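Colleague: what follows is a protein structure lacking sequence information:
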């Protein structure tokens, strides 16, 4: 006889499980043509010319030379991935990342706009592709190989933008055909995995946060009358972005995060780069608060 059970672990091992109702998983996959290819023949010729052993040299060529349209796509994709990483936390080795629900619509809107810009750039590249191939014959000389240049219709598969969202499961999601004790053990195993992944995600964020805070502390470490240290208007932007997109949405799920969020909010609220440049007392007080925040993070065990 079937014994369908729905196991709910009422006492979580840490505060992490409450995150399931306030987070989702996002998988962003962007594919783009590298424009680089190994030239086997040129590699062997180089080895022979230099009297080197076989297979010790690799010649990689830019099949389109310096193509501004392709370079623009690659730089754009790098920036898009950085935005994705900044608004999410690592979750699994498969590339899924944790996205706070409170940041979901902001993230989705921004990434959707970036997706549209991506395809605009891709279409511009397709428009000049045939001319770029003709130009490559001159740029590459004897390295030119017509087999390296598929038609545009084939090339389209080299560019794609995929964004998938998945609910964050919890140990209470187990509905399995097994004895109650087995189901409970499975749920508890997943709970342990969940807690581990949560701590890794937060740890990654804290490592990045400490790096940003340490840079702020170093830049603010001078007094009036001393040589001023140069810092940009974006000095505090990295910290305030983490605060807005990650810490604040997650703060009510963990007491440690709640305490740190209050501390950072008190430190950076109303602070402007110009004020930090002009007011020595404010600069030193802010530096002390930043140093205190760094020590707090380290004391929290992350």
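Modeller: Yes, it's here. This is a predicted model, so every value here is computed, not measured. Numbering: from 1, shown residues only.

Colleague: can you pull the buried residues of stretch 89-97?
Modeller: By neighbour count on 16 or more other Cβ atoms under 10 Å, the buried set for stretch 89-97 is 89-91, 96-97. Yep, even glycine has a C-beta here, placed from its N, CA and C like the rest.

Colleague: nearest to residue 192, of those?
Modeller: residue 91 (15.4 Å; Cβ to Cβ).

Colleague: quick check, that closest one in contact with residue 25.
Modeller: Yes. Between residue 91 and residue 25 there is a contact at 6.0 Å, judged by Cβ atoms under 8 Å.

Colleague: what touches both of the two?
Modeller: Common contacts of residue 91 and residue 25, defined by Cβ atoms under 8 Å, 6 or more residues apart in numbering, comprise 97-98.

Colleague: on the three-state scheme, the residue lying closest to residue 58 once chain neighbours are set aside is what?
Modeller: Once flanking residues are discounted, residue 58 sits nearest to residue 43: 5.5 Å by Cβ to Cβ, 6 or more residues apart in numbering. Following DSSP: H, G, I helix; E, B strand; the rest coil, we place residue 43 in the helix state.

Colleague: helices of the chain, residue ranges please.
Modeller: Along the chain, counting by DSSP state H, helices occupy 40-49, 68-87, 104-140, 152-155, 180-219, 237-242, 248-250, 255-268, 273-278, 280-299.

Colleague: can you list these in JSON lines and add mean neighbour count, distance to residue 166 and mean pLDDT?
Modeller: Formatted as JSON lines, these follow (neighbours: other Cβ atoms under 10 Å; distance: least, Cβ to Cβ, whole Å; pLDDT from 0 to 100):
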{"stretch": "helix 40-49", "mean neighbour count": "14", "distance to residue 166": "41", "mean pLDDT": "86"}
{"stretch": "helix 68-87", "mean neighbour count": "16", "distance to residue 166": "15", "mean pLDDT": "97"}
{"stretch": "helix 104-140", "mean neighbour count": "15", "distance to residue 166": "12", "mean pLDDT": "96"}
{"stretch": "helix 152-155", "mean neighbour count": "11", "distance to residue 166": "31", "mean pLDDT": "93"}
{"stretch": "helix 180-219", "mean neighbour count": "17", "distance to residue 166": "14", "mean pLDDT": "84"}
{"stretch": "helix 237-242", "mean neighbour count": "17", "distance to residue 166": "23", "mean pLDDT": "94"}
{"stretch": "helix 248-250", "mean neighbour count": "21", "distance to residue 166": "18", "mean pLDDT": "89"}
{"stretch": "helix 255-268", "mean neighbour count": "17", "distance to residue 166": "23", "mean pLDDT": "93"}
{"stretch": "helix 273-278", "mean neighbour count": "14", "distance to residue 166": "39", "mean pLDDT": "91"}
{"stretch": "helix 280-299", "mean neighbour count": "16", "distance to residue 166": "29", "mean pLDDT": "94"}
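
Colleague: quick one: which of the ones you listed is nearest residue 32?
Modeller: Of all these, helix 68-87 sits nearest to residue 32, with 5.2 Å by Cβ to Cβ.

Colleague: contacts for the closest one, please.
Modeller: 26, 28, 30, 32-35, 64, 97, 99, 103, 106-107, 110-111, 114, 117-118, 121-122, 124-125, 128, 132, 159, 241-242, 245-246.
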